[in-house]
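J.: next comes the sequence, and after it the predicted model I'd like to discuss.
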Amino acid sequence: MLGMLCWQERGRVRLERTRIAGMNVLCACVSRDRQLARAAKLLRRAGVRYVLENAEGRPALPGLPVVDALPLYRAVADRLIWERLNMRKIAPERATVVLRGVYPDSELAAAARTLCPGVRQVVIETDRGGQALQRSLLRQFGVAVMPVKDGRDVLTVRFSGQNRGEELNLCGQVDLGGLSVDAPHLVLPETLVRASTVCALWQAGLLELPQIRVSRAAGK
């Protein structure tokens, strides 16, 4: 079960079961910061191992990591790339997408295979294992990789390792390049970070990827 932090005006720590978009969540209600350790202990004793991220900038519950939205971002990497190309007005037939990482993990490889039929070329730049994937893409899609001469029609994406200024960074300090990932039809508590909650719902099987929307972030 997942947990979340709720604030009350006064009183002792108490646990309260609630449902968020069909998902069971155990809420720890506290009134003071010094109750956080007690709340975390009660949640862990009840079987909670992760908590939904609080949008209010409140202190975290000790020993209980928040649900990270990164797995969701990586699952829709191809859609993030398509939308970023659209933002930059790069026509797919001109686009070179460079996928970087320590090795070609499953998300990187999946994005490469989804993109290959639609863009000019997909370039794999990994510390190891990249050549095998590049050859596999050549055999499957029949498009040879040409040298990348300039960056006008190039989009770089980092899946793992050290960031080197890529436009999309899907590891460590995430950078979605002005995009957002959400399920806008969901009504969620304003006290929660939407991306964390949407990822939790997807991981719990309560949301399917087609229900997730990639769009420009507000003000972009």
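T.: The structure has been received and is ready for your questions. Numbering: from 1, shown residues only.

J.: where does pLDDT dip in the chain?
T.: Applying pLDDT under 70 to the chain flags residues 149-150, 219-220.

J.: now stretch 31-49: how far from the chain's centre is it?
T.: Distance, stretch centre to chain centre, for stretch 31-49: 26 Å (Cα atoms, centre = their mean, to the nearest Å).

J.: would you mark the buried spots in it?
T.: Residues 35, 36, 39, 40, 41, 42, 43, 48 are the ones in stretch 31-49 that count as buried (16 or more other Cβ atoms under 10 Å). (Each C-beta comes from the backbone N, C-alpha and C, glycine too.)

J.: what do you get for stretch 3-17?
T.: Within stretch 3-17, the residues scored as buried using 16+ other Cβ under 10 Å are 3, 4, 5, 6, 13, 15.

J.: equivalent analysis for stretch 188-203, please.
T.: Going by 16+ other Cβ under 10 Å, stretch 188-203 has these buried residues: 188-189, 192-203.

J.: stretch 79-88 now?
T.: Of the residues in stretch 79-88, those buried (16+ other Cβ under 10 Å) are 79, 80, 81, 82, 83, 84, 85.

J.: for residue 117, state which of those is nearest.
T.: Among the buried residues of stretch 79-88, residue 82 lies closest to residue 117 (Cβ to Cβ), at 12.1 Å.

J.: contact partners for the closest one?
T.: Listed by Cβ atoms under 8 Å, 6 or more residues apart in numbering, the contact set of residue 82 reads 115, 118, 214.

J.: same check, this time on residue 93
T.: Applying Cβ under 8 Å, 6+ apart, the residues near residue 93 are 119, 120.

J.: phi and psi next, for it.
T.: Per-residue torsions, residue 93: phi -70, psi -10 (degrees, to the nearest 10).

J.: same question for residue 156.
T.: Per-residue torsions, residue 156: phi -110, psi 140 (degrees, to the nearest 10).

J.: look up the closest residue to it, ignoring the ones flanking it.
T.: Distances taken as Cβ to Cβ, 6 or more residues apart in numbering place residue 166 nearest to residue 156, at 4.2 Å, with adjacent residues excluded.

J.: please report how far that neighbour lies from residue 144.
T.: From residue 166 over to residue 144 the distance is 23 Å, taken as Cβ to Cβ, to the nearest Å.

J.: between these two, who's got more neighbours?
T.: residue 166 (18 against 9; other Cβ atoms under 10 Å).

J.: contact partners for that one?
T.: Residues near residue 166 by Cβ under 8 Å, 6+ apart: 100, 156, 157, 158, 175.

J.: and the second one, how many residues sit next to it?
T.: The one in question is residue 156. Neighbourhood size, residue 156 [other Cβ under 10 Å]: 19.

J.: contact partners for it?
T.: Shown in contact with residue 156 (Cβ under 8 Å, 6+ apart): 98, 100, 165, 166, 167, 168.

J.: are any of those residues buried, and which?
T.: Burial by neighbour count, judged by 16+ other Cβ under 10 Å, picks out 98, 100, 166, 167, 168 from the contacts of residue 156.

J.: just the element for the first one, please.
T.: Same thing as residue 98. Secondary structure from DSSP states H and E places residue 98 in strand 96-101.

J.: show residues contacting that strand.
T.: Residues contacting strand 96-101 (Cβ under 8 Å, 6+ apart): 81, 85, 108, 111-112, 115, 119-127, 148, 153-161, 164, 166, 171.
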